[in-house]
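1. what's the 3D shape of this:
(chains A and B)
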Number of protein chains: 2
Amino acid sequence: MTIERVAIIGLGLIGGSIGLAARAMQPEVATTGWDADSDVRARATQRGLVGAVCDSVADAVGEADLVILCVPVGAMGYAAEAIAPHLRPGTVVSDVGSSKRSVGEALTKALPGAVVIPAHPVAGTEKSGPDAGFAELFRHRWCILTPGKDAPQDAIEAVSAFWEGLGAKVEIMDADHHDLVLAVTSHIPHLIAYTIVGTASDLEDVTRGEVIKYSAGGFRDFTRIAASNPTMWRDVFLSNRDAVLEVLGRFTEDLSLLQRAIRNGDGDTLFDLFDRTRTIRRSIIDEGQDDARADFGRGDH
Amino acid sequence: MTIERVAIIGLGLIGGSIGLAARAMQPEVATTGWDADSDVRARATQRGLVGAVCDSVADAVGEADLVILCVPVGAMGYAAEAIAPHLRPGTVVSDVGSSKRSVGEALTKALPGAVVIPAHPVAGTEKSGPDAGFAELFRHRWCILTPGKDAPQDAIEAVSAFWEGLGAKVEIMDADHHDLVLAVTSHIPHLIAYTIVGTASDLEDVTRGEVIKYSAGGFRDFTRIAASNPTMWRDVFLSNRDAVLEVLGRFTEDLSLLQRAIRNGDGDTLFDLFDRTRTIRRSIIDEGQDDARADFGRGDH
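-> Numbering: from 1, shown residues only, chains lettered A, B, ... in the order given. Next up, the predicted model:
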């Protein structure tokens, strides 16, 4: 199958970036879009996030070969219900949610006859809304597809080709495994960042002004992550509960060991871990997933 | 007093940056330097980190008005012992250590007759060694001085003026309060980052390759911090034990509350925290302590 018409439901950071990327890199594909918020639709029209911002969900998806739901994970089921009556037979429905087992189940349940190919582009920034998107967001980033066992091969290939056309690299993975991997590489880091930023702002002996002034010592990197869309992240933790709790348990065990090492003055345990973690950083830079410049180049100018 | 000759002991990221900044921004000040590692001394000479890289600690500090110890916190006492026999009367001794009570005590003990003005420039990158320094590192960053109660005012003012001449903003603070503030804004963020990077690399069901591939979801920011100098950070945790354990206790309490909220499906508790932490990010950007571009500008080009 060939994808000639793509509908994007939800025109925030991810939906808007898909639209901009598709218009720039696959101009032969027609793009339509819709958002439940009329202000977002107006702004999406001004920015040209998609070829046509529609006034109704029916208009947006009616002719589409591929519909991509770009809404918070907790809203995926509702969005699927909303598009269901308006789909042509054979339309492929995908999404961009950060947890995949629960989303896959929600889409399959709401769209019993449709071809569902869940997807997760591992890319983003701390900004959200229709002004946040940009066409380069997915370049050199991975997009993970988690099709069910019965998903047709031509649909998997068509969705893969669409993402590759946006500059992404595609990987196929089991949904449960995806949820565990992303719990480690994304969900727990966000949870920890949110927590420490909250802890810092609640201390009675340290003012918020002091926290802000001296944030260059490490804290500021956490605040970037902790500025991400709160609705999106609430939904991620609720929908990927099992994997998040599993990894969180490992993390708190490891933290307890370091706590004990600090209490006991056991410098060797600390040094061994701190030395080991450097090699992972090098691998991430070698793989092109981050910037090698010191401090991301922030201070290096 | 006026500072005309500055000696820098330890020519890594911080010492090298002080030398480069002084040469660029205060060319009237003569700079000498020494490092215990002869390879570092050779590289420091090649890069011109200071005006004169000396072959002995005696040559480096003999004529100095101000000596700045730029070694790991755990080596401060040894470095102070090494310079002690060679100081002229009236030389001010300072440092750049990330914990201040223990360092202040170590310097005062090793240098009974000297004027000690402990300092901590809140700036750095994940790189270390004589190739890592650059002259702009301290610009718009805070440098905290923690002089003892009996420290002479003219020495405090001279050290302040030197740091301001490197582009830094100076704050005077009690050493114990410094240690608590920095535990929050720097030490605990580093400990958490080291921990989660270690946890991720130990999981048996997720390969290291997967962790690296999908690190753009948040994890990669933690790996940057967790690539910092392991000797330096081991010493920080051992020397600031009380404040680190205090803040770590608060953090783990807060994390337990979120863990329970996830287990119970309590989305309101999650949302309220995630929404609150956004305002701190805005304040940090308003205060000029970080870059407002999405994703630090990494993906925005």
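2. and the helices in chain A?
-> Ranges of helices in chain A, per DSSP state H, are A:13-25, A:38-47, A:57-61, A:76-83, A:101-110, A:153-165, A:175-182, A:188-202, A:208-213, A:219-225, A:230-239, A:241-264, A:267-286.
3. now mean neighbour count, mean pLDDT and distance to chain B too, for these, in CSV please.
-> Every C-beta, even on glycine, is put in place using the N, C-alpha and C of the backbone. Shown next, in CSV, are those (neighbours: other Cβ atoms under 10 Å in any protein chain shown; pLDDT from 0 to 100; distance: least, Cβ to the nearest Cβ, whole Å):
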stretch, mean neighbour count, mean pLDDT, distance to chain B
helix A:13-25, 24, 98, 9
helix A:38-47, 16, 98, 15
helix A:57-61, 20, 98, 25
helix A:76-83, 20, 97, 15
helix A:101-110, 20, 97, 12
helix A:153-165, 18, 98, 15
helix A:175-182, 23, 97, 5
helix A:188-202, 25, 95, 4
helix A:208-213, 19, 92, 5
helix A:219-225, 26, 91, 4
helix A:230-239, 23, 96, 3
helix A:241-264, 18, 97, 5
helix A:267-286, 18, 92, 3
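4. of all the ones you listed, which one comes closest to residue B:164?
-> helix A:208-213 (15.7 Å; Cβ to Cβ).
5. how about the helices of chain A in JSON lines, adding distance to residue B:237?
-> What follows is the helices of chain A, written out as JSON lines (distance: least, Cβ to Cβ, whole Å):
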{"stretch": "helix A:13-25", "distance to residue B:237": "37"}
{"stretch": "helix A:38-47", "distance to residue B:237": "46"}
{"stretch": "helix A:57-61", "distance to residue B:237": "54"}
{"stretch": "helix A:76-83", "distance to residue B:237": "43"}
{"stretch": "helix A:101-110", "distance to residue B:237": "38"}
{"stretch": "helix A:153-165", "distance to residue B:237": "43"}
{"stretch": "helix A:175-182", "distance to residue B:237": "30"}
{"stretch": "helix A:188-202", "distance to residue B:237": "16"}
{"stretch": "helix A:208-213", "distance to residue B:237": "20"}
{"stretch": "helix A:219-225", "distance to residue B:237": "16"}
{"stretch": "helix A:230-239", "distance to residue B:237": "29"}
{"stretch": "helix A:241-264", "distance to residue B:237": "5"}
{"stretch": "helix A:267-286", "distance to residue B:237": "6"}
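6. go through those helices and name the closest to residue B:227.
-> For these, proximity to residue B:227 was assessed by Cβ to Cβ; helix A:267-286 is nearest, at 3.7 Å.
7. what angle do that closest one and helix B:230-239 make?
-> Interaxial angle, helix A:267-286 versus helix B:230-239 (axes from the mean of the first three to the mean of the last three Cα atoms, to 10 degrees): 140 degrees.
8. so what does helix A:267-286 touch, helix or strand wise?
-> Helix A:267-286 sits against helix A:241-264, helix B:188-202, helix B:208-213, helix B:219-225, helix B:230-239, with contacts defined as 3 or more Cβ pairs under 8 Å, 6 or more residues apart in numbering or on different chains; DSSP states H and E.
9. I'd like those helices as JSON lines, with distance to residue A:281 appended.
-> Below are these laid out as JSON lines (distance: least, Cβ to Cβ, whole Å):
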{"stretch": "helix A:241-264", "distance to residue A:281": "18"}
{"stretch": "helix B:188-202", "distance to residue A:281": "8"}
{"stretch": "helix B:208-213", "distance to residue A:281": "10"}
{"stretch": "helix B:219-225", "distance to residue A:281": "4"}
{"stretch": "helix B:230-239", "distance to residue A:281": "12"}
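10. tell me which of the ones you listed sits nearest to residue A:47.
-> Nearest to residue A:47, of these and by Cβ to Cβ, is helix B:219-225 at 27.6 Å.
11. hmm, the closest one touching chain A?
-> Yes: using Cβ under 8 Å from any Cβ of the partner chain, we find that helix B:219-225 touches chain A at B:219, B:220, B:221, B:222, B:223, B:224, B:225.
12. now these as TSV including distance to residue B:125?
-> Formatted as TSV, these follow (distance: Cβ to Cβ, whole Å):
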residue	distance to residue B:125
B:219	19
B:220	15
B:221	14
B:222	15
B:223	14
B:224	9
B:225	10
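13. nice, that's everything, thank you.
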